[in-house]
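Visitor: kindly return the folded structure for what I paste below:
(5 chains, ligands or ions: 4)
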Amino acid sequence: SNSESLFSLNDTTTRADVVRIGYFPNINHAQAVIGLGNGDFQKALGNVKVETQIFNAGPSAIEALFANQIDVTYVGSNPAINGYIKSDGESLRIIAGAASGGAVFVVRNDAEINSVDDFSGKKFSSPQLGNTQDVALRAYLLKNGYKTTENGGNVEVIPVKNADILTLMLKKEIDGAWVPEPWGAKLVKEANSRIFLDERDLWPQGKFVTAHIIVSTEYLKNHPDVVKKLLAAHVDETQWINQNKEESFKVFNAELEKLTGKTIPEDELQEAFSRMEITYDPVKESLFKSASDAFDIGFLGDVRPDISGIYDLKLLNEVLEEKGLEQIP
Amino acid sequence: MLYAGDFQLTKLEAKNITKYFQHETHRIKALDGINLKVEDGEFVCIVGPSGCGKSTFLRIVSGLDTTEEGEVIFDGKPVNTTSPERILVFQEGALFPWLTVSDNVEFGLKIAGVPKDERREISSRYLDMMQLTKFANSYTYQLSTGMKQRVAIARALAMDPDVLLMDEPFAALDAQTRDLLLVEMQLIWERTKKTIIFVTHNVAEAVVLGTKVVVFSNRPSVVKKEIVIDYRRPRLVEDQNLAKFQQDVMKELRPEVKAGSKNQS
Amino acid sequence: MLYAGDFQLTKLEAKNITKYFQHETHRIKALDGINLKVEDGEFVCIVGPSGCGKSTFLRIVSGLDTTEEGEVIFDGKPVNTTSPERILVFQEGALFPWLTVSDNVEFGLKIAGVPKDERREISSRYLDMMQLTKFANSYTYQLSTGMKQRVAIARALAMDPDVLLMDEPFAALDAQTRDLLLVEMQLIWERTKKTIIFVTHNVAEAVVLGTKVVVFSNRPSVVKKEIVIDYRRPRLVEDQNLAKFQQDVMKELRPEVKAGSKNQS
Amino acid sequence: MKIDLDDVANAVLFFAVFIGIWQLVFVLGIWPKVSLPSPYAVAESFAEVILNYTLFTGIGITLGRLVIGFLISIALGTVIGLAMIKFKGFGKTMSSISAGLLSFPSIAWVPFSILLIGFNDAGILFVVIMSSIFSITISTYSSVRNIPPIYIDAARNMGAKGLSLFLHLTIPAATPSLIIGIRQGWSFAWHAIIGAEILMSIVGLGHILSVGREFQDMGLVIASMITIFTIGLLVDRLLLFKLEEKIRSRWGLSSDR
Amino acid sequence: MKIDLDDVANAVLFFAVFIGIWQLVFVLGIWPKVSLPSPYAVAESFAEVILNYTLFTGIGITLGRLVIGFLISIALGTVIGLAMIKFKGFGKTMSSISAGLLSFPSIAWVPFSILLIGFNDAGILFVVIMSSIFSITISTYSSVRNIPPIYIDAARNMGAKGLSLFLHLTIPAATPSLIIGIRQGWSFAWHAIIGAEILMSIVGLGHILSVGREFQDMGLVIASMITIFTIGLLVDRLLLFKLEEKIRSRWGLSSDR
Ligand SMILES: Nc1ncnc2c1ncn2[C@@H]1O[C@H](COP(=O)(O)OP(=O)(O)OP(=O)(O)O)[C@@H](O)[C@H]1O
Ligand SMILES: Nc1ncnc2c1ncn2[C@@H]1O[C@H](COP(=O)(O)OP(=O)(O)OP(=O)(O)O)[C@@H](O)[C@H]1O
Ligand SMILES: [Mg+2]
Ligand SMILES: [Mg+2]
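Guide: Ligands and ions are numbered 1, 2, ... in the order given. Okay, here's the model as predicted:
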């Protein structure tokens, strides 16, 4: 590991011969799980040494990026927005997408919810206050004319860890939950529930970003060549996954097992992937919409934040052009 | 009631009391069959060499320690636990550091549920007797050793027990205070007719106080001799007529220490 | 070395030592200007009523306590801290419960860096003198009170200090053991010519041991009288010729306890 | 209440130095300011949560839970600790089991709390109690067993037994050592409640801290840490330390030797 | 090592009863079996993590960090505690500050650890040390201040001062009470390391626990809890309790009065 950093504090200079990449052992970071695990990325980066860092929550990943412990990381959309805003747009840029879709609104079969008219007095969960699913759930409730209890309404939103959602569903303490995959698949399988809504149905072309790659602006400025090579590897991995679904599940699970000792049952994986897409497209509009929803709900302070500068897709587009792929506007 | 038919009015009887202690490398036999009868209202003084088992004996009589063999009969029943009827004045005082002097004296009364006013009244009487009135509100660490010992005596007297077990209670007192208390103890004993067992290493003290003096042998201890002190009261330490009794006791004691020394080598 | 020009060879001098203690409701003046000169090689015995401040005085001489007024001069320099040259035998023993008897005796030697073998040799010599050889490996809770006190004495003697400060070291010993130690102490003193300050409430003991006996008054204490005991050695307690000295001391002491009682009311 | 000027001076000095160093570090720019905001930015975060009432509501709710949970812990823990002394075999086994259970971080209790009790205040209380009770149990057990036997002998000798022995002897005699245990138990309870509020996302100080982290708002994180610190310090200063000093002075332990 | 048959019997009995009740609850189906799996399922999870080596690797890594971090805590904590005794003003202030800092849950230290040190073993050590050192500090401070002054007097009288006073008097005289503090500090360190391993997603027992939660594998969660429990219990039984008993018997506190 990099224990020499103990006394080096945080020299803001970054090294050209090393790139430190963070990611989560999650299905929507599939490119990283596979590509960093089997050495594809290292191969593509040549003599630039790849160092990896596993995270299991967005805040740690952003903290690490800010503290110059990593240069690049795969991360969900809300931590990226929050990080961008809190650093006054200085510290990070989104350079590519990683996954789109893969969130569902699941309700208990015996909760007597058949349509949007049946939400009064119900309790729903999201995985984390203010995260992508939480915002989506609240925005959806608002759009359908429901206020949450803290705003004087009659629908309760209880943010709680994914792992505990299952227990709460089984104990009938909550009536539904807006969760990312593969939790949706898992709840359907084990908690006597069904999918009430696939979030894709709410978005144009069924696309909305759930993971992307961010880089520290410092690193991007100093080592665009390294970042570009990384993006090329990311795009290649994305295409490989999409073209070799079956095999990629196996490789993914093998890498996951190396990281965590666990695998996701094939059927759950299959079902989860049927509702999501591995992509390099950051689906910009969905992020802007999501941020604006978050602000409307009251999550992002008093001033409508300007996140128009969060993207830097120049390198991605160069890569796409070289590969003869369609560029992202 | 059990001793209704027992015309000897034996208050306390130690029957063949034996006690071992385990030390790091060997076992010590402290008591080797102590037999002692104490009549109701008797004032028994025990003398014996240091480490022979006097304190151990008192602890067993109080019910704090148990024996391997033998038993203590109190009012016709075997002793198997402590009782406020038999109060021990510990050789080391054993005052409670978290209580003031007067609260220490009142401790047993409080346990017994005596009302506050009455308790205060009793404690101030005994603290006065011990010349400690000025220190009623002090904590124990603020007292000299002799003062602590007097508090311990006051605490026992305040309990007004049937049987008083006193373990060298005057050891840390200056000669003058001790003389005053020797008189005081005799007065209390005559007035209340308590049964008292009093351990001391001061032979003069033993002879002044006791109706009989019991000499413990060297460890493993047995009762070597009981010497009845048949002399009028109140007795004063200065009284030359007591010298004869002292010599009787000394005669029994002296060889014991010799034995102790030899035992050592 | 500082006292090269000092022809009086004063080992220790207490100058106007005054000491107050704060109690809950009032302040106690324990010492009211103690003045005492102790020559090199003198054996000074202190007697005084219980609670008059004898222990406090010894603590101040040892350097453990400080004074509001006055000072103690030792070898020409004011005392402001403890030193292994001045060893105090605490009235309450102050043995360490985590050490065996022999380790307790060797504590000071270990601190001084004396090698293990030598330490063992010294401790076994003094434990033998105290008739405690059998208990060398016992822990302190396994000892009787008198045995503990003997360990404390052994611990102090093992340090072989310039000045020995002894606070009622024989109080818990039986008469016979005490008599043996009275002889032993005189021998040690004659052989090593130590300076000794010895607090006791036993006037006979004071007169047997001391080159002079110092009588402390009732609290607030001053030195009421110094009585030189000009008599051949070794002295025995039985020696009737010492009775005169005892009476001299008693004459000084007696009114002090009266004063103490009156003080109370 | 008597205010000790020395205390106040010490505290003020400490905070002044602390904030001075902090500001210095900030100005020197050793760390990025998103990671370590200036004292001023933290003060702003404070102002914000004070003005929108979340801070004081959070403090109120968290302290309420904490105090209730901790009092239950003390009551139950003491009873178990005493039972351990009374029944030797149980004591020996339970002392080790307590040590084992005390090793569980609060996160380990959360799933069980949700399962057994549910997602509510009672569930949080469960976590707080489980996380602090074994600390109380163990320290009661050890403290009581460390009481010098002579005190127990003396009290029994004077007729104390059962409840009276417990009230008049065991408790006061063990107090100096019990306080050490209670202080630590209190901290375990703190950890537990913050942890539970974060994990269960239930309103309270822990929630504020976790919101700060989620929204990358280090100002808020530091503001809630300062709040936690201050409460911890005040409770200690005004309650436990005071109590300890009083007892120490009675026992004659407070001399400046 | 001598094996105490009574101990073993007690432990076996306890586990038998515990597993019996658990199986009964499972069979009765009071709670959903995904949330509370059967003992058998947990045994399977155990087998799995034993066979793929993650368990023993995890134990080894976590214990390694724990022991190193805790030893550093003890060393530093003791030094600070003693400095607090030596310098009274510092002691008073620091005692309260320690109480405040001890209230921080490990999660509060994580962002700072990431900022100051990074995602590595040193970062975890930082969290472990910060979470346990103040417990050691406080208990050292209290324990040493509770030493009966007469012992200190006696030792000083015989020439002990500075280091020799510390080694030959302070440490042994404070030990009965220090052990209570060390036990608690050990538990704080446990909480911290599990918390840090979860939050920082670094290999170890905490990571196994968190993977169990992430993958909704309650068998694994319970298996890691049992592991934590067992280690906590064994360390206590084989080290701290043994030590305590030995010291108690020397001090004459172990009688069955
Ligand atoms: N708790 C104990 N554990 C081990 N041995 C003990 C214990 N209590 C007493 N003894 C031993 O028993 C013997 C008698 O002790 P005890 O205290 O009864 O003597 P004593 O006659 O009161 O002596 P003293 O006059 O010195 O007070 C001693 O040898 C002592 O070592
Ligand atoms: N630490 C203390 N705090 C308060 N008062 C004290 C303290 N130490 C001693 N005193 C008081 O000082 C006076 C003298 O005590 P000291 O122990 O010196 O007496 P002493 O002459 O040794 O008595 P004794 O013969 O009983 O041992 C007593 O009144 C006592 O209450
Ligand atoms: Mg005795
Ligand atoms: Mg004295």
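Visitor: can we go C-alpha only for contacts and neighbour counts from here?
Guide: Noted.
Visitor: pLDDT weak spots in the chain?
Guide: All of this refers to chain A. Residue ranges of chain A with pLDDT under 70: A:1-15.
Visitor: switch to chain D, that's the one I care about
Guide: Checking chain D against pLDDT under 70 turns up D:1-5, D:7, D:254-257.
Visitor: for it, what spans make up the helices?
Guide: D:5-28, D:39-51, D:54-86, D:88-102, D:106-116, D:121-145, D:149-157, D:162-165, D:171-199, D:205-214, D:218-235, D:242-250 (DSSP state H).
Visitor: with chain A instead?
Guide: With DSSP H as the criterion, chain A has helices at A:5-8, A:30-37, A:40-45, A:58-66, A:77-86, A:132-143, A:162-170, A:183-190, A:217-222, A:224-243, A:245-260, A:266-274, A:284-297, A:314-322.
Visitor: hang on, the earlier thing: include mean neighbour count and distance to A:E247 when you put the helices of chain D into CSV, please.
Guide: Putting the helices of chain D into CSV (neighbours: other C-alpha atoms under 10 Å in any protein chain shown; distance: least, C-alpha to C-alpha, whole Å) gives the following:
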stretch, mean neighbour count, distance to A:E247
helix D:5-28, 13, 51
helix D:39-51, 16, 50
helix D:54-86, 19, 50
helix D:88-102, 21, 44
helix D:106-116, 22, 35
helix D:121-145, 27, 44
helix D:149-157, 21, 73
helix D:162-165, 13, 72
helix D:171-199, 25, 36
helix D:205-214, 25, 35
helix D:218-235, 22, 43
helix D:242-250, 16, 67
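Visitor: could you pull up the residues touching the residue lying closest to B:Y141 once chain neighbours are set aside?
Guide: Nearest residue to B:Y141, sequence neighbours excluded (C-alpha to C-alpha, 6 or more residues apart in numbering or on different chains): D:G252, at 5.5 Å. D:G252 is in contact with B:97, B:139, B:141-142, counting by C-alpha atoms under 8 Å, 6 or more residues apart in numbering or on different chains.
Visitor: gap between D:G252 and B:G146?
Guide: 18 Å (C-alpha to C-alpha, to the nearest Å).
Visitor: over to D:S142?
Guide: Using C-alpha to C-alpha, one gets 33 Å for the distance from D:S142 to B:G146.
Visitor: next one: B:P97
Guide: Taken as C-alpha to C-alpha, the span from B:P97 to B:G146 is 16 Å.
Visitor: quick check: which element contains B:V249?
Guide: Here B:V249 sits within helix B:243-264, counting by DSSP states H and E.
Visitor: likewise B:N80?
Guide: Applying DSSP H and E, one finds B:N80 in no helix or strand.
Visitor: A:K122 touches A:K172, doesn't it?
Guide: No - using C-alpha atoms under 8 Å, A:K122 and A:K172 do not qualify as a contacting pair, with a distance of 11.0 Å.
Visitor: and stretch B:146-166, anywhere near ligand 1?
Guide: No - Stretch B:146-166 is not in contact with ligand 1 by C-alpha under 6 Å from any ligand atom; minimum separation 11.2 Å.
Visitor: mean confidence score for that stretch?
Guide: The average pLDDT for stretch B:146-166 rounds to 93.
Visitor: is that stretch positioned near chain E?
Guide: No - using C-alpha under 8 Å from any C-alpha of the partner chain, stretch B:146-166 stays clear of chain E, coming no nearer than 15.8 Å.
Visitor: if we can go back for a sec, now the helices of chain D in JSON lines, with distance to chain E?
Guide: Below are these laid out as JSON lines (distance: least, C-alpha to the nearest C-alpha, whole Å):
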{"stretch": "helix D:5-28", "distance to chain E": "7"}
{"stretch": "helix D:39-51", "distance to chain E": "15"}
{"stretch": "helix D:54-86", "distance to chain E": "10"}
{"stretch": "helix D:88-102", "distance to chain E": "4"}
{"stretch": "helix D:106-116", "distance to chain E": "7"}
{"stretch": "helix D:121-145", "distance to chain E": "6"}
{"stretch": "helix D:149-157", "distance to chain E": "7"}
{"stretch": "helix D:162-165", "distance to chain E": "13"}
{"stretch": "helix D:171-199", "distance to chain E": "5"}
{"stretch": "helix D:205-214", "distance to chain E": "8"}
{"stretch": "helix D:218-235", "distance to chain E": "4"}
{"stretch": "helix D:242-250", "distance to chain E": "8"}
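Visitor: out of these, nearest to ligand 2?
Guide: Among these, helix D:242-250 comes nearest to ligand 2, with 10.5 Å by C-alpha to the nearest ligand atom.
Visitor: can I get the CA coordinates of the closest one in PDB?
Guide: Output in PDB follows, covering the C-alpha atoms of helix D:242-250 (Å, rounded to 0.1, in the frame of the first residue of the first chain):
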ATOM      1  CA  LYS D 242     -17.000  17.400  40.100                       C
ATOM      2  CA  LEU D 243     -18.300  14.300  41.800                       C
ATOM      3  CA  GLU D 244     -14.900  12.700  41.500                       C
ATOM      4  CA  GLU D 245     -13.200  15.600  43.100                       C
ATOM      5  CA  LYS D 246     -15.600  15.700  45.900                       C
ATOM      6  CA  ILE D 247     -15.200  12.100  46.700                       C
ATOM      7  CA  ARG D 248     -11.400  12.200  46.400                       C
ATOM      8  CA  SER D 249     -11.300  15.000  48.900                       C
ATOM      9  CA  ARG D 250     -13.400  13.100  51.400                       C
END
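Visitor: mind giving me the packing neighbours of that helix?
Guide: helix D:171-199 (3 or more C-alpha pairs under 8 Å, 6 or more residues apart in numbering or on different chains; DSSP states H and E).
Visitor: which one is the residue of the stretch 1-150 of chain D found nearest ligand 1 nearest to, not counting chain neighbours?
Guide: When distances are taken as C-alpha to the nearest ligand atom, the stretch 1-150 of chain D reaches nearest to ligand 1 at D:P149, 10.2 Å away. Computed as C-alpha to C-alpha, 6+ apart, the closest residue to D:P149 that is not its neighbour in sequence is E:L253, at 6.5 Å.
Visitor: next, count neighbours for the nearest residue to A:F288 once chain neighbours are set aside.
Guide: Spatial nearest neighbour of A:F288, chain neighbours left out: A:I307 (7.4 Å); criterion: C-alpha to C-alpha, 6+ apart. If you count neighbours by other C-alpha atoms under 10 Å in any protein chain shown, A:I307 ends up with 17.
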